[in-house]
Structures are given as structure tokens and as C-alpha cells.
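J.: Pasting the sequence and the predicted coordinates here, then a few questions.
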Amino acid sequence: DVDDVDDVLVSRLMGKRSQSRNEVEQARMEAQKMASIFANDMGIANDDSQTKEQYSALHDYEGDGDDTLSFSKGDVITVTEEDGNLFFGRCNGNVGWFPKNLVATNI
């Protein structure tokens, strides 16, 4: 299960030392990215319980940090979280946050 791989990767990335909340979140995002790439490469479906909706990118977007998602116009993005004016999603093997107004519901 991809979630189990995610937990193992976070544990390995974090080690036994104490970390700030931001460092923990960065490690979790990196682990999710690695688990997603692994699952896609192996043809394994990610059946986690998060809500997933697909959206189409209306414009190109170049994220400005490690926690943002970059994509091109027309890319399909799978959204798993929402926070205010931001979505957290997956596109082309990458994950991150991006503004909601850059996508439209994929029909």
C-alpha cells in the first residue's frame, strides 16, 4: 500500500532527531512524491482515503518553492487537499500547492 511506503519513507527521512513542523511537512511531501512516483512506475493504484478530484490547468504555472506544484496549460491535476485559496495536488509525478484559480473542474 502506498500509504505504508509513505510512512516508511518519512521515518527514514526524519530519523530519530527532533524536527520543526515545517521540516516534518517537507519530509512528508518528499515521501509522498517518492511513493507516488514509485506507485506510478509499478502500476500500483493509490487507494488512500483522501478525496480526489481532477482539474485541468487553465494556464502555465511555475511554482516558487519546494512545496508548490508547477504545471502547463492543459495538464490534468489530481487534487487531494484544499486550504483557503490553495489546492494541494499531483501532476506528472510531482506534488505541491497551487492557486485554485488556475484550474477548472475536469469533465
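T.: Arrived safely, thanks for sending. Because the structure is predicted, anything quoted here is derived from the model rather than measured.
J.: Scan the protein for its longest strand.
T.: strand 76-83 (DSSP state E).
J.: Give the pairing partners of that strand; include direction for each.
T.: Applying DSSP bridges, strand 76-83 is found paired with strand 53-57 (antiparallel), strand 86-91 (antiparallel).
J.: May I see those strands organised as TSV, with mean neighbour count and mean pLDDT added?
T.: C-beta coordinates here come from the backbone N, C-alpha and C atoms, glycine included. Listed next are these as TSV, based on neighbours: other Cβ atoms under 10 Å; pLDDT from 0 to 100:
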stretch	mean neighbour count	mean pLDDT
strand 53-57	17	94
strand 86-91	20	93
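J.: Quick one: closest of those strands to residue 106.
T.: strand 53-57 (4.1 Å; Cβ to Cβ).
J.: What helix or strand is residue 27 located in?
T.: If you go by DSSP states H and E, residue 27 is part of helix 21-42.
J.: What's the local residue count around residue 69?
T.: Using other Cβ atoms under 10 Å, residue 69 is surrounded by 23 other residues.
J.: What residues does it make contact with?
T.: Applying Cβ atoms under 8 Å, 6 or more residues apart in numbering to residue 69 gives the contacts 61, 63, 77, 88-91, 94-98.
J.: at 10 Å instead, please
T.: 57, 61-63, 75, 77, 79, 87-92, 94-98, 102 (Cβ atoms under 10 Å, 6 or more residues apart in numbering).
J.: Kindly report the same for residue 73.
T.: Contacts of residue 73 by Cβ under 10 Å, 6+ apart are 56-61, 102.
J.: Next, it: secondary structure please.
T.: coil (DSSP: H, G, I helix; E, B strand; the rest coil).
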